[in-house]
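A.B. asks: Dropping a prediction and its sequence here:
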Amino acid sequence: MNDIKESLRTIEQNYKIFQQQQFTFIAALEHTRENAHDKIKPVSSIGQVQMYMDHYCNNSTDKRILLMFLNLCGDLSRLCQRLETLHSGNATTNALLEKCKTLVSQSNDLSAIRAKYPHDVVNHLSCDEARNHYGGVVSLIPVVLDCMKEWVAHSEKLPRHMMQNVSSRRAAIYQQPDRPNLHTLGVHHGQPTFVTEGAQTLLSLTEKGRAREERREVRMKQLGGLRRAIRRFLDGPWKPPGKNAF
């Protein structure tokens, strides 16, 4: 959890630097949208900003600030992935995490998002800009940061046993002796992709199947000896052919 807090603080510090350049960010969006002949629709997704930077950005200043925004979004997305591995969570933390993952999705429509007090990013826009163009894109990062900080606050109240690292629990399953071929469970190069309840059940069933097979082989050996004894009893002792054969 301390690592998560430290990563969150680092992203916040980088965001403060970005926030100080909000007018430069809006100017860059204005320039690229004009180059793209796309000034009617609002900026509604991270993917749209990426497209502007990749195809319609003509100067280094605009590219720098757009890249800074995209890097912050990428950092938040990667942090979401780390949060998933920290603990299994409860209904509250899982809902917060799903909200964060949705918000930082490349295609998510963020045009209706608005950061509220104490954030003032929307207040730095004109009424037209806030309502029709940039209110969502400037609100995205502060809203996600608030959501993640709320996730941390709720997570710290969870019982200690729920805080065990999910990856450690998965790894413990794969360290069991006499396990079946892990490639059948979606594992490659010693890296488990995910252990579901079904995979755990498969481990158990494989061990049971092996024990059943061993018991069956023992029974077959016993039955084979019994068959030979019965045959010898029915046939009687061997007698040479001839007149004394009967």
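C.D. replies: Yes, it's here.
A.B. asks: Helices of this structure, start to end?
C.D. replies: In the chain, the helices defined using DSSP state H lie at 2-19, 22-35, 46-56, 60-86, 91-103, 127-129, 135-155, 166-174, 197-235.
A.B. asks: Of those helices, flag the one that's most buried.
C.D. replies: Each of the helices of the chain was given a mean neighbour count from mean count of other CB atoms under 10 Å, and the largest, a mean of 20, is that of helix 135-155. Where C-beta positions appear, they are placed from N, C-alpha and C, glycine not excepted.
A.B. asks: Just want the angle from it to helix 60-86.
C.D. replies: Put simply, helix 135-155 runs at 30 degrees to helix 60-86, going by axes from the mean of the first three to the mean of the last three CA atoms, to 10 degrees.
A.B. asks: Report all helices and strands that helix 135-155 contacts.
C.D. replies: Using 3 or more CB pairs under 8 Å, 6 or more residues apart in numbering; DSSP states H and E as the contact definition, the elements that helix 135-155 packs against are helix 2-19, helix 22-35, helix 60-86, helix 91-103.
A.B. asks: And the average pLDDT for it is what?
C.D. replies: pLDDT averaged over helix 135-155 equals 94, rounded to a whole number.
A.B. asks: Quick check: pLDDT value at D54.
C.D. replies: pLDDT recorded at D54 is 96.
A.B. asks: same question, A199
C.D. replies: Taking A199 on its own, its pLDDT is 47.
A.B. asks: for G242, same thing?
C.D. replies: 56.
A.B. asks: returning to that earlier point: got a markdown table for the helices and strands packed on helix 135-155, with distance to V218 too?
C.D. replies: Putting those into a markdown table (distance: least, CB to CB, whole Å) gives the following:
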| stretch | distance to V218 |
| --- | --- |
| helix 2-19 | 53 |
| helix 22-35 | 75 |
| helix 60-86 | 45 |
| helix 91-103 | 49 |
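A.B. asks: of those, which approaches Y117 most closely?
C.D. replies: Distances from Y117 to each of these were compared using CB to CB; the minimum, 15.3 Å, belongs to helix 2-19.
A.B. asks: Quick one: low-confidence residue ranges for this protein.
C.D. replies: Judged against pLDDT under 70, the low-scoring parts of the chain cover residues 160-210, 220-222, 224-246.
A.B. asks: So it: which segments form each domain?
C.D. replies: Residue ranges for each domain of the chain read 2-163, 165-237, as given by automatic domain parsing.
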